[in-house]
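Engineer: below: sequence and its predicted model.
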Amino acid sequence: LPSDPDLVERARAAKEKLGDKVFVLGHHYQRDEVIQFADVTGDSFKLARDAAARPEAEYIVFCGVHFMAESADILTSDDQKVVLPDLAAGCSMADMATAEQVAECWDVLTEAGIAEQVVPVSYMNSSADIKAFTGKHGGTICTSSNAKRALEWAFSQGEKVLFLPDQHLGRNTAVRDLGMTLEDCVVYNPHKPNGGLTAEQLRDAKMILWRGHCSVHGRFNLDSVNDVRERIPGVNVLVHPECKHEVVSAADYVGSTEYIIKTLEAAPAGSKWAIGTELNLVRRLANRFADEGKEVVFLDRTVCFCSTMNRIDLPHLVWALESLADGSLVNRIEVDKETEAFAKLALERMLALP
Ligand code: 13P
Ligand code: SF4
């Protein structure tokens, strides 16, 4: 649907009134009506870096989900305020690992006598608490664009990795990029006693994967890839590494949202692409590249938005910007100091990866 012209005008006016005081970040999965107001767009790695590079902005309005706004708060100075236009914009994957569950898991690893060999690597898509746990235990954060480097670094520090919370990104990176086998990986289920694993299984494993997943990317399966190849001969299949291993193994290209965009930019006219990621981004890319004669389709026939990303809509953005312009700070995301200190350690390790 086209954006409501009144709301577009109000967003523009509020942003103009705020001037350099506000910096709007937009993740690639955001709606068109929101992304048009972003000062920068990016994947979660780029947005974390961009947030940290704007010390002059008093307000960072984060059009994305809760864990991204938390990371921005951790990486920006104390007098900068991070605002999430709708506090209900969470992430189901991040919610799959709580601080209590992860502390319990560490006890299980300690019981099995392996905790000292384990380096935690946590996906950006996790709460500030999990990032703090990671920092406290000598680990790093990673995103889908630097998971390989993060794992290489972790294996230079210890013999085993506890990968939180996305089992698919962990498995795909270990197998595709580090040459491990599926047998090197075990899955820790926080809902079962001892994670559903024996001490021997834990001792034999190199990668201990948390049993988390993305509900959006988890919908793609091998049939999605086979069907699209049958429907569109010569199609290139390009998917996000949050997809299941069977999907990633059957794809031609795998990478973060930023990688997906760069790959399409570099693709020749006349090429055909089936994309396995969130639908707002795929639709935008399909429209953008149609003019250049590149055919871009969604990998699956079922509709696949990220419902929490979609919670940030134009009315919420207008409300946040107008409130700030009127001097009222709304929906601030603020991580407590102790959590922030350890989480920052883990995030800074990521930013320092070669
Ligand atoms: P990237 O933007 O880092 O590829 O991550 C995708 C995602 O799921 C964000 O929630
Ligand atoms: Fe979370 Fe998946 Fe949505 Fe990303 S796409 S915010 S991982 S639910």
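Structural biologist: Yep, that arrived. Ligands and ions are numbered 1, 2, ... in the order given.

Engineer: indicate the residue of the stretch 251-354 of the chain located nearest to ligand 2.
Structural biologist: residue 306 (3.3 Å; CB to the nearest ligand atom). For the C-beta atoms, the positions are set from N, CA and C on the backbone; glycine is no exception.

Engineer: got it, and the stretch 51-200 of the chain?
Structural biologist: Counting by CB to the nearest ligand atom, the stretch 51-200 of the chain gets nearest ligand 2 through residue 91, at 3.3 Å.

Engineer: that residue: which element?
Structural biologist: Under DSSP states H and E, no helix or strand contains residue 91.

Engineer: not counting its neighbours along the chain, what's nearest it?
Structural biologist: residue 65 (4.6 Å; CB to CB, 6 or more residues apart in numbering).

Engineer: before we move on, the earlier item: the residue of the stretch 251-354 of the chain closest to ligand 2: which element?
Structural biologist: With DSSP H and E as criterion, residue 306 is part of no helix or strand.

Engineer: check residue 327 too.
Structural biologist: Short version: residue 327 belongs to no helix or strand, going by DSSP H and E.

Engineer: with residue 124 as the reference, measure out to the closest residue to ligand 1 within the stretch 251-354 of the chain.
Structural biologist: Nearest residue of the stretch 251-354 of the chain to ligand 1 (CB to the nearest ligand atom) works out as residue 256 at 3.4 Å. Distance from residue 256 to residue 124, counting by CB to CB, to the nearest Å: 10 Å.

Engineer: give me the common contacts of those two.
Structural biologist: Residues touching both residue 256 and residue 124 (CB atoms under 8 Å, 6 or more residues apart in numbering): 44-45, 143.

Engineer: can you name the residue of the stretch 151-300 of the chain nearest to ligand 2?
Structural biologist: Counting by CB to the nearest ligand atom, the stretch 151-300 of the chain gets nearest ligand 2 through residue 214, at 3.3 Å.

Engineer: look up phi and psi at that residue.
Structural biologist: Here is the backbone geometry of residue 214 (degrees, to the nearest 10): phi -90, psi 130.

Engineer: now it, nearest residue through space, not along the chain?
Structural biologist: Going by CB to CB, 6+ apart, residue 214 has residue 242 as its nearest residue, at 4.3 Å.

Engineer: now do the SS call for that neighbour.
Structural biologist: coil (DSSP: H, G, I helix; E, B strand; the rest coil).

Engineer: now swap in residue 41 and tell me
Structural biologist: strand.

Engineer: related to what we said a few turns ago, tell me the contacts of the residue of the stretch 251-354 of the chain closest to ligand 1?
Structural biologist: So residue 256 contacts 43-45, 143-145, 240-241 (CB under 8 Å, 6+ apart).

Engineer: ok, and which of those residues reach ligand 2?
Structural biologist: Among the contacts of residue 256, none lies close to ligand 2 by the criterion of CB under 6 Å from any ligand atom.

Engineer: need the residues you listed in TSV (columns: pLDDT).
Structural biologist: Formatted as TSV, the contacts of residue 256 follow (pLDDT from 0 to 100):
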residue	pLDDT
43	91
44	89
45	86
143	96
144	95
145	93
240	97
241	98
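
Engineer: which of those residues sits closest to residue 184?
Structural biologist: residue 241 (17.3 Å; CB to CB).

Engineer: tell me the pLDDT of residue 3.
Structural biologist: Residue 3 carries a pLDDT value of 78.

Engineer: mind checking the SS state of it?
Structural biologist: Relying on three-state DSSP, one would call residue 3 coil.

Engineer: hang on, it packs against residue 37?
Structural biologist: No - applying CB atoms under 8 Å, one finds residue 3 not in contact with residue 37, separated by 9.9 Å.

Engineer: helices - which of the shared contacts of residue 256 and residue 124 land there?
Structural biologist: Using DSSP state H, 44-45 are the members of the shared contacts of residue 256 and residue 124 that sit in helices.

Engineer: of the shared contacts of residue 256 and residue 124 - the most surrounded one?
Structural biologist: residue 44 (25 neighbours; other CB atoms under 10 Å).

Engineer: chain neighbours aside, what residue packs nearest to the residue in the stretch 101-250 of the chain that ligand 1 sits nearest to?
Structural biologist: The nearest approach of the stretch 101-250 of the chain to ligand 1 comes at residue 144, 4.2 Å away (CB to the nearest ligand atom). Spatially, and ignoring its direct neighbours in sequence, residue 144 is nearest to residue 256 (3.9 Å; CB to CB, 6+ apart).

Engineer: go on, residue 322?
Structural biologist: Nearest one to residue 322, counting by CB to CB, 6+ apart, is residue 14 at 4.6 Å.

Engineer: perfect, that will be all.
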